[in-house]
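A.B. asks: I would like the atomic coordinates for the input below:
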Amino acid sequence: MKTFIGSVVDRTQYALLQETLEDSITRDHPVRVLDWVLDRMDWSEWIARYPGGGRPAYPPDVMVKLLAYAYMTGMRSSRIIEHACRNSMDFMWLMSGRKPDHDTIASFRRENIERFVDVFQDGNSGMPRGGACGDGGGGCGWDEGRGKQRERSNRASSTS
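C.D. replies: Modelled structure (predicted):
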């Protein structure tokens, strides 16, 4: 007779110790580095472009973070990005629970593509070294990870 593992958790039962979004993303997660870097940029020109009136818009820095992180993780489709905002903890953390639909994401990308590219051309020179999480000691592992990648690529190129 075959046996299978039964249900471990009743999906309708409340959890005694609910985890917050903040707790669910590790301190050294790449989404935190991206958020930290883009928080330090000047968004005043972007904000000035919004005329106001009508329905409240998503903040431009939040939308740029969303697109940048989606691209970092290999997502290009606005429908897939929308799905991630609703179902993936790292995207939920980055968006602070905001859930833009695919049309909003696609419209923002289409209307701001040149400005979006400029952010990363300007922002690359300001990428953090060391204390990327604001702790002064490299808590996010930014330098360590980059150094290990360089070591691996140097070893691979020297063996071939």
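
A.B. asks: which stretches of this protein form helices?
C.D. replies: Here the chain has its helices, by DSSP state H, at 21-24, 30-39, 44-48, 60-72, 78-87, 89-95, 102-123, 142-159.

A.B. asks: of these, give the one that comes closest to Thr12.
C.D. replies: When the helices of the chain are ranked by distance to Thr12, counting by CB to CB, first place goes to helix 78-87 at 18.9 Å. (Each C-beta comes from the backbone N, C-alpha and C, glycine too.)

A.B. asks: other SSEs contacting the closest one?
C.D. replies: The criterion is 3 or more CB pairs under 8 Å, 6 or more residues apart in numbering; DSSP states H and E, and the helices and strands that helix 78-87 contacts are helix 60-72, helix 89-95, helix 102-123.

A.B. asks: mind putting those helices in a markdown table, distance to Leu21 and mean pLDDT included?
C.D. replies: What follows is the helices and strands packed on helix 78-87, written out as a markdown table (distance: least, CB to CB, whole Å; pLDDT from 0 to 100):
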| stretch | distance to Leu21 | mean pLDDT |
| --- | --- | --- |
| helix 60-72 | 14 | 94 |
| helix 89-95 | 5 | 94 |
| helix 102-123 | 20 | 86 |
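
A.B. asks: of all those, which lies closest to Arg79?
C.D. replies: Short answer: helix 102-123, nearest of the helices and strands packed on helix 78-87 by CB to CB, at 4.5 Å.
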